[in-house]
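3D model of this:
(chains A and B)
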Amino acid sequence: MVFSSNIFIFFFLPACLLLYFLIPGIRAKNMILLLFSLVFYAWGEPIYLFLILVSILLNYLTGLYMERIPSWRKGIMVMAVILNLALLGFFKYYSFLLSIVNSLFGLALTSRKLPLPIGISFYTFQALSYVIDLYRGKIKVQKNVFRFALYISLFPQLIAGPIVRYSEVENALTDRPVTPERLGTGLMRFAYGFAKKVLLANTLGAVYEKTGFQLGPVSVLTAWIGIAAYGLQIYFDFSGYSDMAIGLGHCFGFEFPENFRASYGSKSITELWRRHHMSLGNWFKEYVYIPLGGNRVGTFRYIINILIVWGLTGLWHGAGFHFVLWGLYFGVWMLFEKYVLFKIKHFPAVLAHLLTIFVFFFGFGMFQSETWAQAVQSYQNMLFSSGMPAWDQSALRLLVTGGPILVIGGFFASPLMLRTREKLMKDHFAVSAVISLFLMILSIAFMVAQDYNPFLYYRF
Amino acid sequence: MDAPQNDKQVNASAPKAPRSRILQKQEWSQNYHSAAIYGYVFVVLLICAALWHIFTPDRGYSALEKRTLTAFPQLSWQNLASAEWMQKVEKYASDQFPARDAMMKLKSDVSLRLGETESNGVYYGRDGSLMQAMTPWEPELLDKTVEAVTRFTERYTFRSSYFLLVPSAMVLYSENLPFFVDNQAETSYIEAFREKLPETLLAPDLLPILNETKQSGERVFYLTDHHWTTDAAYHVFTSVAPSFGWKESRMDFSVVSNHFLGALVSKSGYMPASSDSILAGYDRETSVRVARTNGEIQSSFYRPEALGTSDEYLFFLGDNEPMLTITTTADSDETLLVFKDSYANCFLPFLAASYKTIIVIDPRYYSEPVSSLFITGGYTDVLFLYSPHTLAYNEALSILLVDEAEE
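Numbers count the residues shown, from 1 in each chain, chains lettered A, B, ... in the order given. Sure thing, here's the model as predicted:
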């Protein structure tokens, strides 16, 4: 199920909130959340319910046995990490690995394309945080299988993050505040996120789709309009989803970590990634970068560490060489920032902002492509090498029809608007209430209109 | 414990200042009572919407979208396991949303204000008229169609063969097109088509004629529909009649509707500047008998029962039919065979005075071989009447006409 659907907004959500708030006792509330979460997960692909149950059971038992057989702790932990990654690898990277094997050995093995289980990248990482932190002694073992299942499957952040580490909700699983004011502020945050997703991300997505610059030769201007629309779409889609998840979590009494903090207003790529998909960055920092030695190693080893972390970050986003390259691109740029750019005194702030946005958006040429060939096509279009003019009529048309939403998007992605929203919620609640309800209604109109599907062929 | 207080403590006890102010944890709100009220109102609103959803009777058919809406699906283990049931429930919930049409209009309106002048292949013109866009066409299909028409008119002998290709509002009202939209696809199609058609077919350029209509102050196209108006059709008729050998019929015109909202409104969701009037022409001297494919007989070209419904264009000859047989009281022995799309629907009444019998074929729905039309003999003339918007993408005409040439 997705948040931006009639079923979720008008049926699933009110039913869940009503039961959750009416039924007393944390145990009952937990059961309700768990039940709704499993229905939420099974809605799109019921067969994969087994998969998440396997993941739950695997990690739950891992915890129990690490507790029961202390001398085998390390072995059990390593085993669990391997099994988790194997599950993720099988469903997400199988055909990618197969294509590597094929090209290395000149084979032509084929696989049946499995649909990617929703959220597997997210809940696998959540499960890993439990197993590893338990091994490190940072958290206590969870003996109640329902509570553990709730942690893994909690529907607000189940399918698109933020990646909540077990340590962040450990206490909340047994005791958390369930109050009407949290319901109100949480739903308000949800409404803002919903508007980001439906009004901004989807509209920008339509502009991006129209450019089609990854599919064939188009003018340079068209390609850059496409990149701009895509970059903003990704931000609003992802940060909007995170707002909805964090807001709903807040309603239910959880404090999820923040995930996006107006990242496009950063002055360097290093800073941008600290404000962009923060829960993923923190996960890699905690479980990959620091175990590798972090920055307390020699320069050479440090460079290697950075490249490993960013190569993996790229790979996490998708199964393909262009994703790995996309991650490495940022790793290399951050090294460049550390050793060159940050050494320049009085680097103009405006220039730093522009350079950061440019570098980040330039990378989307790789990220938005489904295949290597599409990535190549995108860059040819962007870099004057597809034999098309700098602009043409259709590019100007896109500029006229898509320009306003790009400007609006850029404005709402700015730190100014993030601060404004937070200030409104904090100090001018009534104003924020009116704005958010208005946005909610407009968003519902846009959501309903998405499926508008007139059949008019016969009229000719 | 209240969360905001909790947050404060976190801030106070933070070991070192965060690197960036924007990364500092923010309080959600200090206004607890308002927040609580907001929360309750929000949930109550959602529940009301759900109840409204549930208690609004399901609609079977959407007049705006012109299609059957999804009904609530039957539940079974099989379609539950395959998620088919869920998909249908989602479709159902979205199709049966009570304010669906109003929501679509709101969305189109907001998008329009934000500069998006195209919706679902329909442009919102600068004068508030709606215009159907033409997408790139395949030259191969054009060649096939021209060849099929040419060979057909050579195979069967007709006294005269006419081809009327009616340019659309995109061409006639190009000054009203949104910025950076051109009508290249359509003008190039019409030009190429007329160029390739042999001179044995009478295929006048209709653009100058329709421009005269426009100059005279009449609308050539509806604001809300892709079809040409009765005024435009009649002006074309009177202009070509002398050279085509058609008898100038004496017509009375009357306005039958002032509230016509055409197909482009449905397609785009845009609200146009105003609704349209429908004008009907009645022949003073000739009466007709129209036999439909299903055997139904009408004593007029028009179907007044369509007026006041959601689809008033059906006033002109009703739904598209594979074949119509029109017999008239005209003082004539001549017969006409017509191949057409719906652009002919408002044009045919003018021909009643010139022919005793008119056979009207819509190749998209006509499935008999073309030879079956000639079993009882030939026809004096043949007329093709098309909009490039159908002709450019539809193979039906060439398939129907080529059929026997292959034998």
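
can you tell me how far the residue of the stretch 301-407 of chain B found nearest chain A sits from residue B:344?
The stretch 301-407 of chain B approaches chain A most closely through residue B:390 (4.8 Å), counting by C-beta to the nearest C-beta. Yep, even glycine has a C-beta here, placed from its N, CA and C like the rest. Distance of residue B:390 to residue B:344, computed by C-beta to C-beta, to the nearest Å: 11 Å.

and if you look at residue A:166?
With C-beta to C-beta as the criterion, residue A:166 and residue B:344 are 71 Å apart.

same question, residue A:132
Relative to residue B:344, and taking C-beta to C-beta, residue A:132 is found at 74 Å.

who's more crowded, the two?
More crowded of residue A:132 and residue B:344, by other C-beta atoms under 10 Å in any protein chain shown: residue B:344, with 24 against 19.

quick one: pLDDT of that one?
At residue B:344, the model reports a pLDDT of 93.

That one is in contact with residue B:361, isn't it?
No. With contact defined as C-beta atoms under 8 Å, residue B:344 does not count as touching residue B:361 (10.2 Å).

got any residues that touch both of those two?
Here residue B:344 and residue B:361 have residue B:338 as joint contacts, going by C-beta atoms under 8 Å, 6 or more residues apart in numbering or on different chains.

can you count the residues close to the closest residue to residue B:225 other than its chain neighbours?
Distances taken as C-beta to C-beta, 6 or more residues apart in numbering or on different chains put residue B:262 closest to residue B:225, at 2.3 Å, once the chain neighbours are dropped. Neighbour count of residue B:262, defined by other C-beta under 10 Å: 23.

Enumerate every residue touching residue B:262.
Residue B:262 sits next to B:130, B:222, B:224-227, B:276, B:313 when contact means C-beta under 8 Å, 6+ apart.

what's the helix or strand containing residue A:226 packed up against?
Using DSSP states H and E, residue A:226 sits within helix A:220-252. Contact here means 3 or more C-beta pairs under 8 Å, 6 or more residues apart in numbering or on different chains; DSSP states H and E; on that basis helix A:220-252 packs against helix A:155-158, helix A:180-195, helix A:202-211, helix A:349-367, helix A:372-382, helix A:393-412.

other SSEs contacting the longest one?
To tie it back to what came earlier, the one meant is helix A:393-412. Packing contacts for helix A:393-412, counted by 3+ C-beta pairs under 8 Å, 6+ apart, involve helix A:202-211, helix A:220-252.

Lowest mean pLDDT across those helices, which one is that?
helix A:202-211 (a mean of 90).

Could I get the buried residue list for that helix?
A:202-208, A:210-211 (16 or more other C-beta atoms under 10 Å in any protein chain shown).

Quick check: residue B:249 touching residue B:347?
No. The criterion here is C-beta under 8 Å, and residue B:249 misses it with residue B:347 at 11.8 Å.

Give me the pLDDT for the residue nearest the centre of chain B.
Taking C-alpha atoms, centre = their mean, the centroid of chain B lies closest to residue B:263, which sits 4.6 Å from it. What the model reports for residue B:263 is a pLDDT of 87.

repeat for the one 3 residues further on
The score at residue B:266 is 84. That number is its pLDDT.

and the gap between it and residue B:67?
Computed as C-beta to C-beta, the residue B:266 to residue B:67 distance reads 10 Å.

And residue A:303, by the same measure?
Counting by C-beta to C-beta - residue A:303 and residue B:67 are separated by 60 Å.

what does residue B:391 give?
For residue B:391, the distance to residue B:67 equals 25 Å [C-beta to C-beta].

the more surrounded of the two?
A side-by-side neighbour count of residue B:391 and residue B:67, using other C-beta under 10 Å, places residue B:391 first with 24 against 15.

and which of the contacts of residue B:262 is nearest to residue B:238?
Distance to residue B:238 across the contacts of residue B:262 (C-beta to C-beta) is lowest for residue B:227, with 18.8 Å.

hang on, the earlier thing: and the helices and strands packed on helix A:220-252 as JSON lines, adding distance to residue A:420?
Formatted as JSON lines, these follow (distance: least, C-beta to C-beta, whole Å):
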{"stretch": "helix A:155-158", "distance to residue A:420": "24"}
{"stretch": "helix A:180-195", "distance to residue A:420": "11"}
{"stretch": "helix A:202-211", "distance to residue A:420": "20"}
{"stretch": "helix A:349-367", "distance to residue A:420": "19"}
{"stretch": "helix A:372-382", "distance to residue A:420": "33"}
{"stretch": "helix A:393-412", "distance to residue A:420": "10"}
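
and the helices and strands packed on helix A:393-412, which is most packed in?
Stretch with highest mean neighbour count among the helices and strands packed on helix A:393-412: helix A:220-252 (a mean of 24; mean count of other C-beta atoms under 10 Å in any protein chain shown).

how distant is that helix from the center of its chain?
Computed by C-alpha atoms, centre = their mean, to the nearest Å, the separation of helix A:220-252 from the middle of its chain amounts to 9 Å.

tell me the angle of it relative to helix A:202-211?
150 degrees (axes from the mean of the first three to the mean of the last three C-alpha atoms, to 10 degrees).

Now do the SS call for the nearest residue in space to residue B:291 that is not next to it in sequence.
Nearest residue to residue B:291, sequence neighbours excluded (C-beta to C-beta, 6+ apart): residue B:325, at 4.3 Å. Under DSSP: H, G, I helix; E, B strand; the rest coil, the three-state class of residue B:325 is strand.

So, low pLDDT: which residues of chain A?
A:111-113, A:451-460 (pLDDT under 70).

care to break it down by domain?
Per the record, chain A has its domains at A:6-176, A:182-450, by automatic domain parsing.

mind checking how far the last one is from the chain centre?
Using C-alpha atoms, centre = their mean, the distance from the centre of domain A:182-450 to the centre of the chain it belongs to is 10 Å.

now the end-to-end length of it.
Domain A:182-450 has its terminal residues 31 Å apart, counting by C-alpha to C-alpha, to the nearest Å.

Which stretches in the stretch 301-407 of chain B count as strands?
Along the stretch 301-407 of chain B, counting by DSSP state E, counting those that start in this stretch, strands occupy B:323-328, B:335-340, B:357-361, B:381-386.

Against which helices or strands is the third one packed?
Contact here means 3+ C-beta pairs under 8 Å, 6+ apart; on that basis strand B:357-361 packs against strand B:323-328, strand B:335-340.

Residues of the stretch 301-407 of chain B that sit close to chain A?
B:313, B:319-320, B:341-342, B:387, B:389-390 (C-beta under 8 Å from any C-beta of the partner chain).

Can you pick out the most distant pair from these?
Between any two of these (C-beta to C-beta), the greatest distance is 18.5 Å, for B:319 and B:389.

more crowded one of those two?
residue B:389 (24 against 13).

that older thread, can you give me the angle the helix holding residue A:226 makes with helix A:349-367?
Per the same axes, to 10 degrees, the angle that helix A:220-252 makes with helix A:349-367 is 90 degrees.

hang on, residue B:247 in a helix?
No. Using three-state DSSP, the assignment for residue B:247 is coil, not a helix.

care to break chain B down by domain?
B:3-95, B:130-402.

and among those domains, the most buried is which?
Neighbour counts (mean count of other C-beta under 10 Å) averaged over each of those peak at domain B:130-402, with a mean of 18.

Distance from the chain centre to that domain, please.
Domain B:130-402 sits 14 Å away from the centroid of its parent chain (C-alpha atoms, centre = their mean).

distance between the ends of that domain?
Start and end residues of domain B:130-402 are separated by 36 Å (C-alpha to C-alpha).

before we move on, what about stretch A:408-418?
Termini of stretch A:408-418 sit 14 Å apart (C-alpha to C-alpha).

Quick check: residue B:323 touching residue B:293?
Yes. Using C-beta under 8 Å, residue B:323 is in contact with residue B:293, at 5.3 Å.

which residues do those two both contact?
With C-beta under 8 Å, 6+ apart as the test, residue B:323 and residue B:293 reach no residue in common.
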